[in-house]
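# Below is the structure, and that's it, no one-letter string:
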Ligand SMILES: Nc1ncnc2c1ncn2[C@@H]1O[C@H](COP(=O)(O)OP(=O)(O)O)[C@@H](O)[C@H]1O
Ligand SMILES: CC(C)(COP(=O)(O)O)[C@@H](O)C(=O)NCCC(=O)O
Ligand SMILES: [K+]
């Protein structure tokens with residue numbers, strides 16, 4: 001978000017030291033973390049979901065003023081930084097069991113739909129979808145459409161007045177692949193290809209990859225076409241773990257649409273930062 005994070009030696013800079021805070025977006029597949037100094041996003045990382053003991057270890061480290069990454073993928077201190085103990089933690093979660101791990105943390109802010117600068121929300125709208133819209137609008141203005149290729153793939157749009165128009169939810173790339181393997185006798189596990197598979201495939205693995213990728217891609221194109229007819233000036237922002245491959249598909253099959261689409265892998269953090277600024281006065 002906002003270009004590359006600016007690295008500075010914060011251990012000797014007590015002003016910015018006090019301005020450290022953490023953002024955690026809890027998705028159904030992974031935890032998405034960001035370390036901020038004020039409005040500057042210094043680092044983003046992703047981990048698996050944590051268990052209670054891993055959560056406690058992180059809280060202890062933060063209480064000591066050590067900025068540890070959570071989880072198995074990249075344990076250890078971030079950039080060797082020492083920070084003021086107890087950095088505020090701002091959480092957006094669509095997985096209640098995972099947000100429950102942080103309940104005992106002293107400086108916890110769980111973001112809810114109330115008070116978001118988004119009109120017309122319905123009570124069960126995912127907070128990740130709402131925050132992604134707020135983040136996208138903060139950068140590109142209203143109207144805006146967000147395509148989030150996460151565990152579920154969601155499309156979420158808001159009109160020129162910042163009112164939710166609505167959206168759609170379908171199984172994301174990983175979930176579609178996994179469900180084919182789990183619910184059939186003959187289909188093998190297929191990890192998602194980094195490059196586009198042939199559309200007319202001659203192996204089982206490529207046929208699965210083709211069906212899922214071109215199937216999701218065509219559906220997303222159709223939604224974007226419809227959205228652009230309604231809101232021709234709207235930005236279309238693509239995010240989520242499957243965002244890169246989705247954009248690659250669009251570049252191949254709908255280059256004009258792809259050129260107008262904006263990739264923002266860290267969109268959710270733009271939304272969280274915006275809400276933190278608003279709520280911290
Ligand atoms: N390292 C990774 N771990 C898990 N999923 C990944 C990874 N890289 C890409 N993906 C893809 O991203 C999707 C999950 O997206 P993500 O935005 O992390 O989900 P969520 O926010 O729902 O936890 C999966 O469909 C998967 O195929
Ligand atoms: C649709 C979602 C499961 C997407 O979550 P994700 O794939 O990012 O983990 C989540 O936004 C959610 O639980 N939404 C609630 C239902 C709704 O938005 O209408
Ligand atoms: K998401």
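That came through fine. Quick caveat: nothing in here was measured; it's all calculated off a predicted structure. Ligands and ions are numbered 1, 2, ... in the order given.
# C-alpha from now on. contacts and neighbour counts both.
Fine.
# Close to ligand 1: what parts of this protein are there?
Contact residues, the chain versus ligand 1 (CA under 6 Å from any ligand atom): 27-30, 150-151, 172-174, 192, 240-242.
# same for ligand 2: which of those are within range?
27-28, 150-151.
# which of the residues of the chain next to ligand 1 are buried?
Taking 16 or more other CA atoms under 10 Å as the criterion, what is buried in the residues of the chain next to ligand 1 is 27, 29-30, 150-151, 172-174, 192, 240-242.
# which residue of the protein sits farthest from its center?
Distance from the C-alpha centroid of the chain, by CA atoms, centre = their mean, peaks at residue 202 (34.2 Å).
# Which residues are in contact with that residue?
Going by CA atoms under 8 Å, 6 or more residues apart in numbering, residue 202 touches no other residue.
# ranges for the strands of the stretch 151-281 of the chain?
152-158, 164-171, 235-239, 261-263 (DSSP state E, counting those that start in this stretch).
# TSV for the ones you listed, including mean pLDDT and distance to residue 133?
Converted to TSV, these look like this (pLDDT from 0 to 100; distance: least, CA to CA, whole Å):
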stretch	mean pLDDT	distance to residue 133
strand 152-158	99	7
strand 164-171	98	9
strand 235-239	98	9
strand 261-263	98	13
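# Dump the ones next to ligand 2 among the residues of the chain next to ligand 1 into TSV; add pLDDT as well.
As requested, these are exported to TSV (pLDDT from 0 to 100):
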residue	pLDDT
27	98
28	98
150	98
151	98
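# out of those residues, which one sits closest to residue 233?
Residue 233 lies nearest to residue 150 out of those, by CA to CA, at 25.5 Å.
# who's in contact with the closest one?
27, 29, 172-173, 240-242.
# How about residue 178?
Remark: with contacts taken as CA under 8 Å, 6+ apart, residue 178 is in contact with 189-190.
# Okay, it and residue 39: tell me how far apart.
To residue 39, residue 178 is 38 Å away according to CA to CA, to the nearest Å.
# Residue 107: how many residues sit nearby?
Neighbourhood size, residue 107 [other CA atoms under 10 Å]: 13.
# For it, which non-adjacent residue is closest in space?
residue 88 (4.8 Å; CA to CA, 6 or more residues apart in numbering).
# Could you check how far that neighbour is from ligand 1?
According to CA to the nearest ligand atom, to the nearest Å, residue 88 stands 22 Å off from ligand 1.
# I figured that residue hits residue 102, correct?
No: look at residue 88 against residue 102 with CA atoms under 8 Å: they stay out of range, at 11.6 Å.
# Can you pull the residues that touch both of those two?
Shared contacts of residue 88 and residue 102, defined by CA under 8 Å, 6+ apart, are found at residue 108.
# So between these two, which is more surrounded?
Between residue 88 and residue 102, counted using other CA under 10 Å, the more crowded position is residue 102 (20 against 17).
# Look at stretch 43-51 and report the distance between its end residues.
Termini of stretch 43-51 sit 23 Å apart (CA to CA).
# just to revisit the earlier point, mark which of the residues of the chain next to ligand 1 are part of helices, please.
In this view, the residues of the chain next to ligand 1 that belong to helices under DSSP state H are 173-174.
# who are the neighbours in contact with residue 142?
158-162, 234.
# repeat for residue 171
Applying CA under 8 Å, 6+ apart, the residues near residue 171 are 151-153.
# again, only using 10 Å
149-154, 177, 179, 216 (CA atoms under 10 Å, 6 or more residues apart in numbering).
# Remind me what the lengthiest helix in the chain packs against, helices and strands.
Identified as the longest helix of the chain according to DSSP H is helix 204-230. Secondary-structure packing of helix 204-230 (3 or more CA pairs under 10 Å, 6 or more residues apart in numbering; DSSP states H and E): strand 144-149, strand 152-158, strand 164-171, helix 173-183, strand 235-239, helix 243-253, helix 255-260.
# What's opposite the closest residue in space to residue 227 that isn't next to it in sequence in the beta bridge?
Nearest residue to residue 227, sequence neighbours excluded (CA to CA, 6+ apart): residue 145, at 7.7 Å. When bridges are called by DSSP bridges, residue 145 pairs up with residue 157, residue 236.
# List the residues that contact residue 145.
Residue 145 touches 132-133, 136-137, 155-159, 164-167, 223-224, 227-228, 231, 234-238, 261, counting by CA under 10 Å, 6+ apart.
# got it, and residue 179?
Counting by CA under 10 Å, 6+ apart, residue 179 has contacts 171, 187, 189.
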